[in-house]
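>>> here is a sequence together with a model predicted from it:
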Amino acid sequence: MNHSAAVVNFAPEPGSVEVREFPKPAIGPDDVLVEVAAVGVCGSDLHQWSASHSWPVNYPVVLGHEFAGTVVEVGAGVTNWKEGDQIASETAAVIDPDNPMSRRGLYNLDPTRKGFGYGVDGAMTQYTRVPARCLHKVPVGLPLDHAALTEPCCVAYNSVVENTRINPGDRVLVIGPGTIGILCAAIAKLRGGDVAVLGLETDQKRFRVAEEYGCTTLTQAEAWCLERDGLGADVVIDAAGVSQTLKLAIELVRPAGWITKVGWGPKPLGFSIDPLVQKNVTLQGSFSHHWTIWERVLALLASDQLDVKPIIGGCWGLADWHESFEQMHAGQIVKAILKPGL
């Protein structure tokens with residue numbers, strides 16, 4: 001089979017996504033060809049669909065960067081992978097190995113980095129070309145549907161473990177009950193935090209998922225943040241990305257507290273951040289992930305310390321991509337999975 005269906009973002013205008021025939025990729029000596037078993041729909045896929053994204057896209061591009069599957073072909077220079085291996089893949093499809101960030105192991109922060117689904121063709125298709133350096137072995141017993149969601153778990157792990165100061169007993173407020181927000185909350189619970197997720201009245205279905213992870217759910221957060229001693233939350237994680245949520249985070253965090261911003265948004269601030277100075281608050285950005293984080297997260301998934309099953313709202317074939325996007329966009333589900341084999 002030389003061609004298969006693919007979900008393609010073909011232009012910058014809103015709604016420019018459709019199923020197209022896509023050729024089976026040719027691989028280079030350092031690549032493998034992966035038959036995709038499952039690919040998660042990310043909020044960034046929705047942003048590109050609605051043209052509300054704030055990053056450059058190489059149109060036309062096959063969407064999808066959260067995926068797992070089986071190696072079906074191996075490049076001539078690849079020695080540690082073979083046909084039949086079940087893998088999950090990182091997203092940094094193109095990096096400069098000589099960039100100072102890459103030299104430090106922080107290739108996710110290489111400014112020239114290009115990711116699957118916006119910089120190069122992604123995984124919402126039957127076969128995708130993957131550099132072998134991106135691969136991780138799926139532990140025995142971990143379903144590929146779950147392994148496909150390693151990537152958003154790694155985004156959350158990087159945000160909460162690597163880029164946030166959380167101590168056991170800290171009051172942690174997560175703003176935004178999307179995939180990343182709920183996974184950040186779940187990992188904050190693993191770190192011993194007292195965790196609440198803030199959303200809208202229309203987020204009731206997603207709130208139920210957050211509650212499965214043992215989190216409090218709120219549509220107003222001030223009372224919860226202040227009830228211990230009147231000073232605010234120890235930590236606020238902004239997983240929504242709009243200006244208003246960062247403003248709210250600055251208001252609700254306690255003096256000498258911590259804010260981590262992981263949500264993306266194209267809008268300017270439009271408000272003073274002087275309270276960061278007055279309250280001596282740390283404001284931390286968090287982006288993507290790297291090899292060590294992937295190994296840690298796969299170990300958590302394999303041991304059931306982190307379970308992604310509660311966030312999965314359903315599986316769809318590629319032909320039904322639109323329904324899955326709509327359900328996520330409407331907040332009816334937290335995470336959709338597309339399966340090229342359906």
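Received, thanks.
>>> can you list the domains in the protein?
Taking automatic domain parsing as the domain assignment, the ranges for the chain are 3-149+308-338, 156-285.
>>> how about I333, nearest residue that isn't a chain neighbour?
Spatial nearest neighbour of I333, excluding adjacent residues (CB to CB, 6 or more residues apart in numbering): G313 at 2.4 Å. Where C-beta positions appear, they are placed from N, C-alpha and C, glycine not excepted.
>>> give the contact list for that neighbour.
Going by CB atoms under 8 Å, 6 or more residues apart in numbering, G313 touches Q327, M328, Q332, I333, V334, K335, A336.
>>> same thing but at 10 Å, please
Listed by CB atoms under 10 Å, 6 or more residues apart in numbering, the contact set of G313 reads 41, 179, 205-206, 209, 324, 327-328, 332-337.
>>> neighbour-wise, which one of those residues leads?
Per-residue neighbour counts (other CB atoms under 10 Å) across the contacts of G313 peak at T179, which has 29 neighbours.
>>> just the pLDDT for that one.
Looking at T179, its pLDDT is 97.
>>> quick one: end-to-end length of stretch 265-274, please.
21 Å (CA to CA, to the nearest Å).
>>> contacts for it next, please.
Stretch 265-274 is contacted from outside by 47, 52-55, 238, 240-247, 250, 281, 283, using CB under 10 Å, 6+ apart.
>>> buried residues of it, list them for me.
The neighbour-count check on stretch 265-274 (16 or more other CB atoms under 10 Å) flags G265 as buried.
>>> avg pLDDT for it?
Summarised as a single mean, pLDDT over stretch 265-274 is 89.
>>> how far away from the center of its chain is it?
Taking CA atoms, centre = their mean, to the nearest Å, one finds stretch 265-274 lying 23 Å from the centre of the chain it belongs to.
>>> which stretches of the stretch 151-300 of the chain form helices?
Under the criterion DSSP state H, counting those that start in this stretch, the stretch 151-300 of the chain contains helices at 179-190, 204-212, 222-226, 243-252, 274-278, 291-302.
>>> so which elements touch the third one?
Which is helix 222-226. On a contact count with 3 or more CB pairs under 10 Å, 6 or more residues apart in numbering; DSSP states H and E, helix 222-226 meets strand 171-175, strand 194-198, strand 216-218, strand 233-238, helix 243-252, strand 253-261.
>>> need the ones you listed in a markdown table with mean neighbour count, can you?
Below are the helices and strands packed on helix 222-226 laid out as a markdown table (neighbours: other CB atoms under 10 Å):
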| stretch | mean neighbour count |
| --- | --- |
| strand 171-175 | 28 |
| strand 194-198 | 25 |
| strand 216-218 | 18 |
| strand 233-238 | 28 |
| helix 243-252 | 19 |
| strand 253-261 | 21 |
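>>> dump these to a markdown table, plus distance to Y59.
As requested, these are arranged in a markdown table below (distance: least, CB to CB, whole Å):
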| stretch | distance to Y59 |
| --- | --- |
| strand 171-175 | 31 |
| strand 194-198 | 35 |
| strand 216-218 | 38 |
| strand 233-238 | 29 |
| helix 243-252 | 27 |
| strand 253-261 | 28 |
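>>> return the member of the contacts of G313 nearest to Q126.
For these, the residue nearest Q126 by CB to CB is I337; the value is 15.2 Å.
>>> surely the closest one forms part of a strand?
Yes. Under DSSP: H, G, I helix; E, B strand; the rest coil, I337 falls within a strand.
>>> was I right to think it contacts G40?
Yes. Judged on CB atoms under 10 Å, I337 makes contact with G40 at a distance of 5.6 Å.
>>> joint contacts of those two?
With CB under 10 Å, 6+ apart, I337 and G40 have common neighbours E66, F67, D145, A148, L149, V308, I312, S324.
>>> let's have those in JSON lines, adding secondary structure, distance to A93 and pLDDT.
Below are those laid out as JSON lines (DSSP: H, G, I helix; E, B strand; the rest coil; distance: CB to CB, whole Å; pLDDT from 0 to 100):
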{"residue": "E66", "secondary structure": "strand", "distance to A93": "13", "pLDDT": "98"}
{"residue": "F67", "secondary structure": "strand", "distance to A93": "12", "pLDDT": "98"}
{"residue": "D145", "secondary structure": "helix", "distance to A93": "22", "pLDDT": "97"}
{"residue": "A148", "secondary structure": "coil", "distance to A93": "16", "pLDDT": "98"}
{"residue": "L149", "secondary structure": "coil", "distance to A93": "18", "pLDDT": "98"}
{"residue": "V308", "secondary structure": "coil", "distance to A93": "23", "pLDDT": "98"}
{"residue": "I312", "secondary structure": "strand", "distance to A93": "25", "pLDDT": "98"}
{"residue": "S324", "secondary structure": "helix", "distance to A93": "23", "pLDDT": "98"}
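>>> can you report how many residues neighbour A221?
23.
>>> any idea how far it lies from L183?
19 Å (CB to CB, to the nearest Å).
>>> same check, this time on A210
In terms of CB to CB, A210 sits 10 Å off from L183.
>>> and the strands in the stretch 51-200 of the chain?
Shown for the stretch 51-200 of the chain, the strands assigned by DSSP state E, counting those that start in this stretch span residues 61-62, 66-74, 86-89, 127-131, 135-137, 171-175, 194-198.
>>> now render those strands as TSV, adding distance to L231.
Converted to TSV, these look like this (distance: least, CB to CB, whole Å):
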stretch	distance to L231
strand 61-62	46
strand 66-74	38
strand 86-89	41
strand 127-131	48
strand 135-137	41
strand 171-175	10
strand 194-198	15
